[in-house]
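A.B. asks: kindly generate the corresponding structure for this input.
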Amino acid sequence: MTSIDVVSLSRMQFGLTALYHFLFVPLTLGLSILLGVMESVYVMTGRAIWKEMTKFWGLLFGINFAMGVATGITMEFQFGMNWAYYSHYVGDIFGAPLAIEGLMAFFLEATFIGLFFFGWDKLSRLQHLCVTWLVALGSNLSALWILIANGWMQYPVGAKFNPDTMRMEVTNFMEVLFNPVAQAKFVHTVSAGYVTGSMFVLAVSAYYLLRGRHLELAKRSMTVAASFGLAAALSVVVLGDESGYTAGENQKMKIAAIEAMWNTEPAPASFTLFGLPDLENRRTDYEVKIPWMLGLIATRSIDKTVPGINELVGRAEQRIRSGLVAYDALEKLRAQPSNAAERTRLDSTAADLGYALLLKKIRPDIANATPDEISRAAWSTVPQVSPLFWSFRIMVGLGFYFIALFALAFVLASKRWLDRYRSFLWLALFSLPLPWIAAELGWVVAEVGRQPWVIEGVLPTFLAVSSLSAANIWTTLIGFVVFYSTLAVVDLYLMVKTVKAGPSTGEPFERPGARLLVADAAE
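C.D. replies: Next comes the predicted model:
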């Protein structure tokens with residue numbers, strides 16, 4: 001029971017630190033591009049207000065960036081602290097993207113962010129613009145390499161198990177780099193970040209318009225946010241469809257769990273818009289379905305089936321039996337490294353070795369596993385259905401809401417009516433936290449949907465942890481939660497204080513409730 005506690009605590013610690021860190025990442029991604037857009041307008045037009053806009057939103061970007069760095073560094077150390085066997089087993093592959101992220105992306109971003117803040121009077125307009133776009137490039141490259149590493153965990157390509165070293169090793173780094181799951185996750189994730197940045201600018205600008213303050217800056221900022229946010233929100237939906245297709249190709253159990261689809265349906269499968277998963281009876285009640293939609297998303301066809309949970313569990317049972325053959329060959333090969341016959345037998349079944357390792361949670365001598373134990377191990381490949389089912393639907397619903405909100409903002413901005421409808425401004429203001437909710441739910445779908453694997457089909461999560469006591473993990477878990485909560489409070493305080501202070505434009509304040517001044521939204 002202790003080992004299970006250690007695994008659960010290790011997962012909880014990493015999950016909480018990742019959720020905290022992801023509070024800052026999307027806003028960094030979104031604001032970095034918006035800063036580049038705003039300063040580009042300043043360089044092209046020479047209008048001082050666009051420079052003030054860049055400086056103001058850049059200050060908020062800097063606060064958020066600092067907090068993101070503070071919460072992100074400890075995450076990488078956890079691989080050595082809490083996931084030592086994982087680091088040993090796949091470190092040759094997983095470590096490379098993380099190292100490149102630090103050398104190529106983080107150093108680039110960290111170096112040029114200093115020039116962004118302190119180079120206004122020392123660099124020419126064009127030079128400073130280049131600095132701003134390099135900061136944005138660094139932010140997005142950082143996300144790219146992190147998601148390449150995470151994408152490999154979801155779909156481990158370009159690597160092979162070496163029985164001589166008992167580790168996974170890179171066989172083709174280009175396959176790791178251009179992993180289709182990683183590429184789909186990258187474009188989908190950064191687009192979600194762009195939505196978050198746009199919503200932040202839209203909501204803060206709406207606050208200024210409601211208060212009758214900084215009207216020129218607020219209207220221009222809302223115009224930029226509406227245009228960029230609409231494009232980003234549409235991209236999230238389109239690129240989310242691509243993520244669904246790659247998952248349908250490579251992570252079929254995740255798709256089945258997201259749909260709470262216990263039985264395989266005739267092609268093309270329907271998408272469950274609403275339902276109540278019944279885990280005990282392995283069925284979904286009160287289903288409201290959209291015909292063909294799941295089949296089109298997951299297979300891009302109308303004649304291919306999307307397998308249900310029961311069928312996939314049957315496939316997992318077959319792979320466990322095949323993996324036991326690989327495990328037996330590996331044991332004999334370790335005793336006789338020159339045994340060519342056993343090496344050949346291992347090579348032919350090595351892809352299923354990870355499935356046999358699922359039995360380690362049930363009994364140590366897995367070669368003697370009973371049919372009932374093999375069945376239990378096969379059912380352990382089913383992730384938590386209810387959290388996936390509801391997280392996905394809330395996330396998708398918010399995605400379509402963002403499209404509608406930004407489309408409305410775009411229409412109002414194009415007609416220069418942003419200050420006419422206070423109800424819209426209140427709606428934009430109260431929508432501020434929604435992109436973060438959607439982003440966190442997306443992370444839940446991606447990571448919970450991969451369980452019980454830390455590396456899909458290769459290494460079960462319970463085998464990847466370090467040899468630590470539950471007390472040690474409780475200590476660090478509480479410490480991280482307290483530390484990160486403090487940082488979150490500090491970040492919120494600094495952001496609110498900066499927003500209330502407003503940009504240093506010298507524009508007079510008006511008392512709350514004063515009539516909004518009419519001004520053009522853009523020049």
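
A.B. asks: can you give me the strands for the stretch 101-250 of the chain?
C.D. replies: 159-162, 167-170 (DSSP state E, counting those that start in this stretch).

A.B. asks: likewise the chain?
C.D. replies: All strands of the chain, identified by DSSP state E, fall at 159-162, 167-170, 271-278, 283-290, 453-455, 459-460.

A.B. asks: right, and those - which one's nearest residue 338?
C.D. replies: Minimum separation from residue 338 across the strands of the chain (CB to CB) falls at strand 159-162, 15.6 Å. Using the backbone N, CA and C atoms, a C-beta is placed for each residue, glycine as well.

A.B. asks: so what strands line up beside the closest one?
C.D. replies: Strand 159-162 has its sheet partners listed here by DSSP bridges as strand 167-170 (antiparallel).

A.B. asks: mind listing what's buried in the strand it pairs with?
C.D. replies: residue 168 (16 or more other CB atoms under 10 Å).

A.B. asks: closest to residue 398 out of the strands of the chain?
C.D. replies: Set against residue 398 and scored by CB to CB, these come closest in strand 271-278, at 15.0 Å.

A.B. asks: only the buried residues of the closest one, if you could.
C.D. replies: 271-272, 275, 277.

A.B. asks: how about residue 157, phi and psi?
C.D. replies: With angles defined as degrees, to the nearest 10, residue 157 sits at phi -110, psi 170.

A.B. asks: so it touches residue 177, yeah?
C.D. replies: No. Contact status for residue 157 versus residue 177: not in contact, 10.0 Å apart, counting by CB atoms under 8 Å.

A.B. asks: got a list of what the closest residue to residue 240 other than its chain neighbours touches?
C.D. replies: What sits nearest to residue 240 in space, not counting adjacent residues and going by CB to CB, 6 or more residues apart in numbering, is residue 188, at 5.5 Å. Residues in contact with residue 188 (CB atoms under 8 Å, 6 or more residues apart in numbering) are 236, 239-240, 242-243, 442.

A.B. asks: next: residue 491.
C.D. replies: Listed by CB under 8 Å, 6+ apart, the contact set of residue 491 reads 24, 63-64, 67.

A.B. asks: I'd like to know which of those is nearest to residue 495.
C.D. replies: Taking CB to CB as the measure, residue 495 lies nearest residue 63 of the contacts of residue 491, at 6.0 Å.

A.B. asks: so how many other residues sit close to the closest one?
C.D. replies: 19 (other CB atoms under 10 Å).

A.B. asks: returning to that earlier point: how much space separates the residue nearest to residue 240 from residue 502?
C.D. replies: Counting by CB to CB, to the nearest Å, the gap from residue 188 to residue 502 is 34 Å.

A.B. asks: residue 395 too?
C.D. replies: Applying CB to CB to residue 395 and residue 502 gives a distance of 33 Å.

A.B. asks: those two: who's more crowded?
C.D. replies: The neighbour count for residue 395 versus residue 502, taken as other CB under 10 Å, is higher for residue 395 (21 against 18).

A.B. asks: what's the separation between residue 399 and residue 390?
C.D. replies: 15 Å.

A.B. asks: cool, and residue 161?
C.D. replies: From residue 161 to residue 390 the distance is 36 Å (CB to CB).

A.B. asks: neighbour-wise, which of those two wins?
C.D. replies: The residue with more neighbours, out of residue 161 and residue 390, is residue 161; 21 against 15, by other CB under 10 Å.

A.B. asks: show me the contacts for that one.
C.D. replies: Per CB under 8 Å, 6+ apart, neighbours of residue 161: 167-169, 350, 353, 458.

A.B. asks: switch to 6 Å and redo it
C.D. replies: Residue 161 makes contact with 168, 350, according to CB atoms under 6 Å, 6 or more residues apart in numbering.

A.B. asks: sort out for me which of the contacts of residue 491 are in helices.
C.D. replies: Taking DSSP state H as the definition of helices, those contribute 63-64, 67.

A.B. asks: now, which of those residues sits nearest residue 485?
C.D. replies: Closest to residue 485 out of the ones in helices among the contacts of residue 491 is residue 67 (12.0 Å), distances taken as CB to CB.

A.B. asks: report pLDDT for that closest one.
C.D. replies: What the model reports as pLDDT for residue 67 is 83.

A.B. asks: how about it, nearest residue that isn't a chain neighbour?
C.D. replies: Excluding its sequence neighbours, the residue lying closest to residue 67 (CB to CB, 6+ apart) is residue 491, at 4.4 Å.

A.B. asks: got a pLDDT number for that neighbour?
C.D. replies: Note for residue 491: predicted pLDDT of 88.

A.B. asks: distance check, the spatially most central residue of the chain against residue 204.
C.D. replies: By CA atoms, centre = their mean, the chain has its centre lying nearest to residue 443, at 4.6 Å. Distance of residue 443 to residue 204, given as CB to CB: 24 Å.

A.B. asks: then residue 460?
C.D. replies: Residue 460 is 45 Å from residue 204, by CB to CB.

A.B. asks: check residue 481 too.
C.D. replies: For residue 481, the distance to residue 204 equals 28 Å [CB to CB].

A.B. asks: how about residue 110?
C.D. replies: Applying CB to CB, the value for residue 110 to residue 204 is 25 Å.

A.B. asks: about what we covered before: most neighbours out of the contacts of residue 188, which is it?
C.D. replies: Compared across these, residue 236 has the highest neighbour count, 30 neighbours, by other CB under 10 Å.

A.B. asks: is it true that that one touches residue 189?
C.D. replies: No. Counting by CB atoms under 6 Å, residue 236 sits too far from residue 189 to count as a contact (9.3 Å).

A.B. asks: quick revisit: switch the strands of the chain over to a markdown table; also include distance to residue 429 and mean pLDDT.
C.D. replies: Below are the strands of the chain laid out as a markdown table (distance: least, CB to CB, whole Å; pLDDT from 0 to 100):
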| stretch | distance to residue 429 | mean pLDDT |
| --- | --- | --- |
| strand 159-162 | 48 | 92 |
| strand 167-170 | 49 | 92 |
| strand 271-278 | 29 | 87 |
| strand 283-290 | 32 | 86 |
| strand 453-455 | 40 | 92 |
| strand 459-460 | 46 | 94 |
